[in-house]
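Return atomic coordinates for the entry below.
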Amino acid sequence: MKVLVVGQGGREHAIVWALSKSPSVKALYCAPGNAGIAALAECVPIQVNQFEELSRFAVDNRIDLVVIGPDDPLADGIVDYMEERGLAVFGPRKNAAEIEGSKVFMKHLLKKYKIPTAAYETFDNYEDAHAYLMKQGVPIVIKADGLAAGKGVTVAHTMEEAEEALSRIMKDKVFGASGNRVVIEEFMQGQEMSILSFVDGETVRPMVPAQDHKPVFDNDQGPNTGGMGTYSPVPHIPESVVQKAIDTIIIPTAKALVAEGRPFRGVLFAGLMITPDGTPKTVEFNARFGDPETQVVLPRLKTDLLDIFLATVNGRLDQLDIEWSDEAAVCVIAASEGYPGSYPKGLPIDGLDQAKDKALIFHAGTAMKDGRFVTNGGRVLGVVGLGSDIAQAREQAYSAMDLIRFEGKHYRTDIAKKALR
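Below you'll find the model as predicted:
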């Protein structure tokens, strides 16, 4: 089969890597891809928002399956657009992808179907939102309604932080139209956990759980990012709690979307908070593979990823058994200096060949210049160590990270430490 993956980050590199192992994949393309992906797939210089050009390429090259990686094109209806042109596409249609595209929609859906989540209110004007904020006090969570590249959420511990976040979203419009509405919700304490699931209508096939690290600095300090590292499994969260999250949150949400006339087909990503009493609550839903969760989940997948994609697209997911390895995976992100703010590009990267002997290297923000890899994004590389347990996987990831060099390289040194306590 011929497969086209749409996207250019570490998530897409991991998807391409997993698909490249399938004996059924005869040709693999990625649009636009990156310098690392180019070793496994033919990179096509078409951007993720160029629906017409992507569709034309897929039709002209007789692509059998298109896989959509990022959130923006899903929210903008790329699946609907391509399906109308006779293409088979892995990913949710626009009306189902709204579960990520609008936090207001998501919260209202959860409330309507009594699915556990934080208490909240929504606002479309600054004055009312500010008045509510002053009444509620801190700590509190401020969220832009729409997509914001993983940076639209502020967990405010002081009123100054909360007011600044609200002003940046609603007054300064730092996230554009995504900040026309906000969700202000209660601060939840506990352990965060991510569960990605393959979903085909009411059929839910959960993947192995993972835990992300959003803040840019060690000990969860500094501003939120798209994710600075992940690990899987999450040994300190009991299996009974994982199952409870699946039974009380993920399956009911899939059923709620069907009931609303928005059946979901693709990857439904539940961001969860496990409260101190062991109750799972919903933090957020995403309508696609997580980044960098994908980089630790897919290396543990034993079943052919293409078979799963096809079963989902063809409404046969209920007929497929999916197997996972007991191996542990730890991903540490190598970021550019300044990320998640402004950062330089074009800096030479050294040591990748040596690092590949110790870990999987998934490229996120890289390019090729004069025959060598250079930085081309905020998150540059995902370094994934594998092992029999978290400690061994962590050792592999960090020993590989030590071999990689580029000016201003920044990474957290505490990824997966919570699992070792």
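
list the contacts for the residue nearest to residue 296 when sequence neighbours are not counted?
Nearest non-adjacent residue to residue 296, counting by C-beta to C-beta, 6 or more residues apart in numbering: residue 329, 3.9 Å away. Backbone N, C-alpha and C define where each C-beta goes, glycine included. Each residue near residue 329 by C-beta atoms under 8 Å, 6 or more residues apart in numbering is listed here: 231-232, 295-297, 299-300, 384-386, 393.

Any idea how many residues pack against the closest residue in space to residue 279 that isn't next to it in sequence?
Spatial nearest neighbour of residue 279, chain neighbours left out: residue 116 (6.9 Å); criterion: C-beta to C-beta, 6+ apart. For residue 116, the neighbour count with other C-beta atoms under 10 Å is 17.

For residue 116, grab phi and psi.
Listed backbone geometry of residue 116 is phi -60, psi 130, with angles given as degrees, to the nearest 10.

Pretty sure it sits against residue 275.
No: at 9.3 Å, residue 116 and residue 275 do not qualify as touching, with contact defined as C-beta atoms under 8 Å.

Show me this protein divided up by domain.
2-91, 125-180, 191-319, 328-420 (automatic domain parsing).

Relative to residue 103, tell me which of those domains wins on proximity.
domain 125-180 (5.2 Å; C-beta to C-beta).

Determine how far that closest one lies from the middle of the whole chain.
22 Å (C-alpha atoms, centre = their mean, to the nearest Å).

Just the pLDDT for the residue lying closest to residue 36 once chain neighbours are set aside.
Among residues not flanking residue 36 along the chain, residue 363 sits closest, at 2.6 Å (C-beta to C-beta, 6+ apart). Note on residue 363: pLDDT of 98.

Ok, the one 10 residues further on next?
pLDDT recorded at residue 373 is 98.

what packs against the helix or strand hosting it?
Element membership for residue 373 (DSSP states H and E) is strand 372-375. Packed against strand 372-375 by the contact rule (3 or more C-beta pairs under 8 Å, 6 or more residues apart in numbering; DSSP states H and E) you find strand 366-369.

neighbours of the closest residue to residue 368 other than its chain neighbours, just the number please.
In this structure, residue 368 finds its nearest non-sequential neighbour in residue 35, 4.4 Å apart by C-beta to C-beta, 6+ apart. The local packing of residue 35 (other C-beta under 10 Å) involves 19 other residues.

what ranges do the helices span in the stretch 51-200 of the chain?
51-60, 71-75, 78-83, 94-101, 103-112, 126-136, 159-170 (DSSP state H, counting those that start in this stretch).

What mean pLDDT does the fifth one get?
Meaning helix 103-112. pLDDT averaged over helix 103-112 gives 97.

hmm, who's touching that helix?
Taking C-beta under 8 Å, 6+ apart as the rule, helix 103-112 contacts 98-100, 115-117, 120, 122, 143-146, 181, 183, 185, 253, 256-257, 260, 282, 284-285.

dump the residue contacts of the closest residue to residue 350 other than its chain neighbours.
Using C-beta to C-beta, 6+ apart and skipping residues adjacent in sequence, the residue nearest residue 350 is residue 405, 4.5 Å away. Under the criterion of C-beta under 8 Å, 6+ apart, the neighbours of residue 405 are 349-351.

before we move on, back to that, C-terminal to the strand holding residue 373, what's the next element?
strand 379-387.

sorry, back to before: what pLDDT does the model give the residue nearest to residue 279?
Residue 116 is given a pLDDT of 97.

Contacts only, for it.
Residue 116 touches 110, 248-249, 279-282, counting by C-beta under 8 Å, 6+ apart.

Go again with 7 Å.
With contact taken as C-beta atoms under 7 Å, 6 or more residues apart in numbering, residue 116 is in contact with 248-249, 279-282.

Could you give the number of residues near residue 247?
Using other C-beta under 10 Å: residue 247 sits among 12 other residues.

List the buried residues of the strand holding residue 373.
By 16 or more other C-beta atoms under 10 Å, the buried positions in strand 372-375 come out as 373-375.

Need the phi and psi values for residue 249.
phi -120, psi -60.

where's it relative to residue 196, distance?
Distance of residue 249 to residue 196, computed by C-beta to C-beta, to the nearest Å: 13 Å.

The worst-scoring helix or strand of the chain on mean pLDDT: which residues count as buried?
Lowest on mean pLDDT, DSSP states H and E among the helices and strands of the chain sits strand 221-224, with a mean of 89. Going by neighbour count (16+ other C-beta under 10 Å), the buried part of strand 221-224 is residue 224.

Return the list of strands paired to that strand, each annotated with direction.
Next to strand 221-224 in the sheet, as set by DSSP bridges, lie strand 215-217 (antiparallel).

Show residues contacting the partner strand.
With C-beta under 7 Å, 6+ apart, strand 215-217 has contacts from 221-225, 228, 339-340, 412.

now do stretch 391-398
With C-beta under 7 Å, 6+ apart as the criterion, stretch 391-398 contacts 328-332, 358-359, 383-387, 416, 420.

Equivalent analysis for stretch 267-282, please.
110, 115-118, 188-199, 237, 241, 244-245, 248-250, 254, 283-290.

In strands only, show me the residues you listed.
191-199, 283-286 (DSSP state E).

Next, residue 305: phi, psi?
Main-chain dihedrals, residue 305, degrees, to the nearest 10: phi -60, psi -40.

Same question for residue 350.
phi -120, psi 160.

Repeat that for residue 275.
Dihedral angles for residue 275 - degrees, to the nearest 10 - are phi -70, psi 160.

For residue 419, see how far away it is.
Where residue 419 is concerned, residue 275 sits at a distance of 19 Å (C-beta to C-beta).

which of the two has more neighbours?
The neighbour count for residue 275 versus residue 419, taken as other C-beta under 10 Å, is higher for residue 419 (21 against 14).
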